[in-house]
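Turn this into a structure:
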Amino acid sequence: MIFRCHTVEGRLVLPPEAEAYLRRYHDEPVLVEITPVWSRRSSSQNRRQWGGYNRALKMAASLLPYSKDELHDAIKQRSEVIQPARLYFPNGEIIGDSKLSRTLPKPRYSDFMEETGALFARGGMDIWPNGEIT
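Just a heads-up that it's a prediction; the model follows:
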């Protein structure tokens, strides 16, 4: 079950429906996953940003001995904007850490794209030749 909650002074405040649901599990262990709730990018923002990024990845892959996927992974790993996220199996066992750009809130995602655009520009490739990132 997924509930949208908030925190007050570091304590989780559950909505009434969550409290009612949790009563079913009196004195039983439960697995709780906490993730921040971010506003999403619009479809047009996503198309524009990924379009430029994909053009640059294709161009770099044609010039370098690496695939688009290898380049994308390397860019995420070197990013100072993206923080590692711990990935888990449903049973709670840790899979490992990864840097995920899809979980970034809009302002951090824009920072990542600016960082990436600057990296490609240093390599002679302009991701957004007709204007700034939106």
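
And the residue minimising distance to the centre of the chain, how far from R86?
To find the centre residue of the chain, average its C-alpha atoms and take the closest one (C-alpha atoms, centre = their mean): that gives T103, at 2.4 Å. Summarising the geometry, the distance separating T103 from R86, computed by C-beta to C-beta, to the nearest Å, is 12 Å. Any C-beta I mention is one placed from the backbone N, CA and C, and that applies to glycine too.

do the same with S110
Here the distance between S110 and R86 works out to 24 Å (C-beta to C-beta).

higher neighbour count, the two?
For S110 and R86, the more surrounded residue by other C-beta atoms under 10 Å is S110, and the numbers stand at 18 against 9.

which element is the more buried one on?
Secondary structure from DSSP states H and E places S110 in helix 106-122.

Just the buried residues of the helix ranked longest in the chain, please?
For the chain, the longest helix by residue count, based on DSSP state H, is helix 43-63. Residues Q45, R48, Q49, G52, Y53, R55, A56, L57, M59, A60, A61 are the ones in helix 43-63 that count as buried (16 or more other C-beta atoms under 10 Å).
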